[in-house]
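> this is a predicted model, with the sequence first.
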Amino acid sequence: EAGVAQSPRYKIIEKRQSVAFWCNPISGHATLYWYQQILGQGPKLLIQFQNNGVVDDSQLPKDRFSAERLKGVDSTLKIQPAKLEDSAVYLCASSFSSGGNEQFFGPGTRLTVL
Amino acid sequence: QKEVEQNSGPLSVPEGAIASLNCTYSDRVSQSFFWYRQYSGKSPELIMSIYSNGDKEDGRFTAQLNKASQYVSLLIRDSQPSDSATYLCAVNSNSGYALNFGKGTSLLVTP
């Protein structure tokens, strides 16, 4: 079974530029999560999708971050404009359903904002 | 604010010893508990899940849960240098929302 796929793996941009990350979850997983992990911290949820609907985006900085999951499969997370403090690893995870189900992570995208 | 607390370490144990990693959580309605292992520069890898009070064993790993004390732990028996990593405790309430992670405990197993 293929795992969660993410691209790109690394991205370096200047502040105020825009960037987009892509995620394809494990086949059959209805729930998709985007987490932000800053060095030395645990992952922090940005947004959770159940199929193509948003379940929780309370911690998403909506003035600069946006995400979509059209057709309920793959997802895109965008940052526009980027700030220095957005430098982090962006992790996508998926689970069969929400609630107590086990979540599996993709390899992540390491973003550096200069 | 739902909190998950872990000692950041580093926890250093000799090869072959038992490593004990601890985690406390603040949300009393939490129902699901997970341990992830994260090697430097890699993404978190699920190693254990536990949902009811008591012990759950999987190979060299044992997860222990005490909901009354709001405490979950991970024991690694016969620790190997390859176990050296950061171990993340994650907690999920029954509300259908995502995991709440601790900051992780760094484990170093010395030969």
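Right, received. Where do you want to start?
> every contact and neighbour count from this point should use C-alpha atoms.
Fine.
> can you give me the strands for chain B?
B:4-5, B:11-14, B:19-25, B:30-38, B:45-50, B:54-58, B:61-66, B:71-76, B:85-93, B:100-101, B:105-110 (DSSP state E).
> any chance of the ones you listed in CSV, with mean neighbour count and distance to residue A:29 too?
Listed next are those as CSV, based on neighbours: other C-alpha atoms under 10 Å in any protein chain shown; distance: least, C-alpha to C-alpha, whole Å:
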stretch, mean neighbour count, distance to residue A:29
strand B:4-5, 20, 26
strand B:11-14, 16, 35
strand B:19-25, 21, 27
strand B:30-38, 22, 18
strand B:45-50, 18, 16
strand B:54-58, 13, 24
strand B:61-66, 19, 26
strand B:71-76, 20, 27
strand B:85-93, 25, 18
strand B:100-101, 23, 20
strand B:105-110, 21, 29
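> to residue A:14, which of these lies closest?
strand B:30-38 (28.4 Å; C-alpha to C-alpha).
> what sits up against stretch A:42-56?
Identification of contacts with stretch A:42-56 by C-alpha atoms under 8 Å, 6 or more residues apart in numbering or on different chains yields A:30-37, A:57-60, A:67-73, A:91, A:97-98, B:88, B:97-104.
> now it: buried residues?
Of all the residues in stretch A:42-56, those buried under the rule 16 or more other C-alpha atoms under 10 Å in any protein chain shown are A:42-52, A:54-56.
> out of these, flag the one nearest to chain B.
Nearest to chain B among these: residue A:42, at 4.3 Å, using C-alpha to the nearest C-alpha.
> so residue B:5 makes contact with residue B:70?
No. Between residue B:5 and residue B:70 there is no contact under C-alpha atoms under 8 Å: 10.7 Å.
> what is in contact with those two at once?
Joint contacts of residue B:5 and residue B:70 (C-alpha under 8 Å, 6+ apart) are B:24-25.
> what score does the residue nearest to residue B:79 when sequence neighbours are not counted have for pLDDT?
Nearest residue to residue B:79 in three dimensions, chain neighbours excluded: residue B:16, at 4.8 Å (C-alpha to C-alpha, 6 or more residues apart in numbering or on different chains). Looking at residue B:16, its pLDDT reads 97.
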